[in-house]
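Colleague: Generate a structure from the sequence data that follows.
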Amino acid sequence: MNKQIPKYLNDGDKWILAEDIPDIDFQFSQIWLSSFVNDLEKTIGINYKKVLSVYNGYSLKFFYGDKDSEIVSSAILKKIVDEGLGKDINKNIRRVADQLFEVTKLAIPDYLNKLDNKQLSDFYKKLDSIHTEFYEWSWLPNAVDMFHAHFTNHLKSVLAKYLKTEEEINAALVALSFSEEKSFVQEELERLLQIAIFRKEHPEDTATFEKLIKEHYDNFFFLKHLWIGKDGVSTIEEYKQAVEKILSDYDPKEALKNEEKTWVDSKKARDDFENKIQLTKQEKELFREYAEFAFTKAYRRKIQLYWAYKMDFIFEELSKRFSISFMETRFLVPDEIYTGLEKGFSDEMKKVVKTRTQHCVYYAEKNLEIVAIGNDCDVYEKTIQAEEKFDLKEFKGQVACTGKVQGIVKIVNTTSDMSKVNDGDILVSIATNPDILPAMKKAVAFVTEQGGITSHAAIVAREMKKPCIIGTKIATKVLKDGDLVEVDANKGVVRILS
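Modeller: Have a look, this model is predicted:
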């Protein structure tokens, strides 16, 4: 590992928390963190100068330089607006995601067991190379909007030429960000409803029902695996139970009609605004690209969840060959894996990686990668400013779906938090993920700290037609379980009532 003194660590650019993820492993985050400082220039001509992440077991906090991120975000927006980069971003996200899926399919135990160390090293390199290129494209919609809302604010400035009030602008933005392609979240729901309809209408046809459930399982079983597989994968029996629950709770045919009506209404709202506002051809194209960012985010997320499931087989194989634990294999950088496979895994390295699983810091600049452990972590962690304390009665964020409701706050960051959510609650999260979808169905609104219009919360909110405010940066620091709040997603304001 390179031990040179980092050039930008103390450059005066304040660290800002980018993401706080409770269940994620080192090796996955290393892929994107490394690409941010080395590879983004291939698509936008500029990299982040530095990134820093702190790991406590499987808990990650990732930081970026405030000014640095502003510069990168502005550069992406300029290329989208002036050079039409948005279309290339969406096209290439699909292309590289498909490549990742095809290579990932090979990662089954029978295949991996037959590879010698050099072949396994080459296979891992291929996966890492594709995933790195994947982030050269797939990070751009996040980077342009997630932290500074540059793309959203630009589009709001376009709408301000045609509309007068903030409520009108927010309503138009939500309508114009509708994508005709349905996310995997919506796709799974509708398929399950179709199976329930068949079950209700043909209760005696067990063979066809079993076939439909198996097809559903094959398409979606890995979705709840998320990054470290804490909750495993779905089973055929769980899907059968889901169908039975649908049948006991409501009419699936009526529910499917409502889902279709929501889609039709959303498309009509988009078309109506396009006709009402009379956008220029270039402006209309920008809004279409903006809308497609949300779809390609979901498109690539489904494939990444499949990749995460398949990586478990690779980690199990590495664990056997290196004689280290499954968790420890997930705290190696690629070069350590290649060296371990091609030259052997030393006892000293085993001690180092064991320590990393407890606590470590990852720091990267272009051509520089440092994984600090023990007292060495202090050099990096002391540069992070202490979190601010907030005593506010209201705060603002970015509107992802309009509406205005009141409810009781329930903070949900992991699956273990879901049980406290009741029908009618306000779900507040650092950032939502597919594994907390059952809680999101119960909630009447969502509020998140992180995320842009392409975030999971934004996508789900628009599909469920629930008020949603994202990118508040402080929601879980201001709010606590039990607070009565008003979510005014027409204006992007959260108010504490009591």
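
Colleague: Which residue ranges of the stretch 101-250 of the chain form helices?
Modeller: 109-114, 117-145, 150-159, 166-176, 184-201, 206-220, 236-249 (DSSP state H, counting those that start in this stretch).

Colleague: now the stretch 351-498 of the chain
Modeller: Using DSSP H, counting those that start in this stretch, helices in the stretch 351-498 of the chain cover 377-381, 437-442, 456-464, 475-478.

Colleague: Quick check: which helices or strands does the first one pack against?
Modeller: Using 3 or more Cβ pairs under 8 Å, 6 or more residues apart in numbering; DSSP states H and E as the contact criterion, the secondary-structure elements in contact with helix 377-381 are strand 51-56, strand 360-365. Every C-beta, even on glycine, is put in place using the N, C-alpha and C of the backbone.

Colleague: Go again with 6 Å.
Modeller: strand 360-365 (3 or more Cβ pairs under 6 Å, 6 or more residues apart in numbering; DSSP states H and E).

Colleague: Then the second one?
Modeller: For helix 437-442, there is no helix or strand it packs on, judged by 3+ Cβ pairs under 6 Å, 6+ apart.

Colleague: got the buried residues for that helix?
Modeller: Neighbour counts over helix 437-442 (16 or more other Cβ atoms under 10 Å) mark 437, 439-440 as buried.

Colleague: Look at the nearest residue to W227 once chain neighbours are set aside and give its secondary structure.
Modeller: Spatial nearest neighbour of W227, excluding adjacent residues (Cβ to Cβ, 6 or more residues apart in numbering): I24 at 4.5 Å. Assigned with DSSP: H, G, I helix; E, B strand; the rest coil, I24 falls in the coil class.

Colleague: quick revisit: now mean neighbour count too, for the helices of the stretch 101-250 of the chain, in JSON lines please.
Modeller: Listed next are the helices of the stretch 101-250 of the chain as JSON lines, based on neighbours: other Cβ atoms under 10 Å:
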{"stretch": "helix 109-114", "mean neighbour count": "12"}
{"stretch": "helix 117-145", "mean neighbour count": "20"}
{"stretch": "helix 150-159", "mean neighbour count": "20"}
{"stretch": "helix 166-176", "mean neighbour count": "21"}
{"stretch": "helix 184-201", "mean neighbour count": "18"}
{"stretch": "helix 206-220", "mean neighbour count": "15"}
{"stretch": "helix 236-249", "mean neighbour count": "14"}
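
Colleague: mind listing the strands for the protein?
Modeller: 15-21, 51-56, 59-65, 360-365, 368-372, 394-396, 398-401, 404-411, 426-429, 445-448, 468-470, 484-488, 493-496 (DSSP state E).

Colleague: of those, which approaches K253 most closely?
Modeller: strand 398-401 (25.7 Å; Cβ to Cβ).

Colleague: contacts for that closest one?
Modeller: For strand 398-401, contacts defined as Cβ atoms under 6 Å, 6 or more residues apart in numbering pick out 149, 152, 170, 174, 458, 461-462, 467-468, 470-471, 489, 492.

Colleague: Then stretch 217-231?
Modeller: 23-25, 28, 58, 188, 233-234, 236, 239, 305-306, 308-309, 312, 415, 434-435.

Colleague: what do you get for stretch 259-269?
Modeller: 175, 178, 190, 465.

Colleague: Among these, which pair sits farthest apart?
Modeller: For the contacts of stretch 259-269, the farthest-apart pair by Cβ to Cβ is A175 and E190; their separation is 21.6 Å.

Colleague: Give the buried subset of the contacts of strand 398-401 as a ChimeraX selection command.
Modeller: Filtering the contacts of strand 398-401 down to the buried ones (16+ other Cβ under 10 Å) takes a single ChimeraX command:
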select :149,152,170,174,458,461,462,467,468,470,471,489,492
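
Colleague: about what we covered before: comparing the helices of the stretch 351-498 of the chain, which gets the lowest mean pLDDT score?
Modeller: Lowest mean pLDDT within the helices of the stretch 351-498 of the chain: helix 456-464, at a mean of 88.

Colleague: quick check: angle from that helix to helix 184-201?
Modeller: 40 degrees (axes from the mean of the first three to the mean of the last three Cα atoms, to 10 degrees).

Colleague: Begin at 671, not 1, for the rest of this chat.
Modeller: Sure, I'll start numbering at 671, so the last one becomes helix 1126-1134.

Colleague: other SSEs contacting helix 1126-1134?
Modeller: strand 1068-1071, strand 1115-1118, strand 1138-1140.

Colleague: Most tightly packed of the ones you listed?
Modeller: Highest mean neighbour count among these (mean count of other Cβ atoms under 10 Å): strand 1138-1140, with a mean of 31.

Colleague: And that one, what does it pack against?
Modeller: Strand 1138-1140 packs on strand 1068-1071, strand 1115-1118, helix 1126-1134, going by 3+ Cβ pairs under 6 Å, 6+ apart.

Colleague: what about those, which gets the closest to L790?
Modeller: Here helix 1126-1134 is closest among the helices and strands packed on strand 1138-1140 (Cβ to Cβ), at 33.0 Å.

Colleague: Only the C-alpha atoms, please, for the closest one, written as PDB.
Modeller: Written as PDB, here are the backbone C-alpha positions of helix 1126-1134 (Å, rounded to 0.1, in the frame of the first residue of the first chain):
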ATOM      1  CA  HIS A1126     -34.600   5.100  -4.200                       C
ATOM      2  CA  ALA A1127     -36.900   7.200  -2.000                       C
ATOM      3  CA  ALA A1128     -37.700   9.500  -4.900                       C
ATOM      4  CA  ILE A1129     -38.400   6.600  -7.300                       C
ATOM      5  CA  VAL A1130     -40.700   4.700  -4.900                       C
ATOM      6  CA  ALA A1131     -42.500   7.900  -3.800                       C
ATOM      7  CA  ARG A1132     -43.400   8.800  -7.400                       C
ATOM      8  CA  GLU A1133     -44.600   5.200  -8.100                       C
ATOM      9  CA  MET A1134     -46.600   5.100  -4.800                       C
END
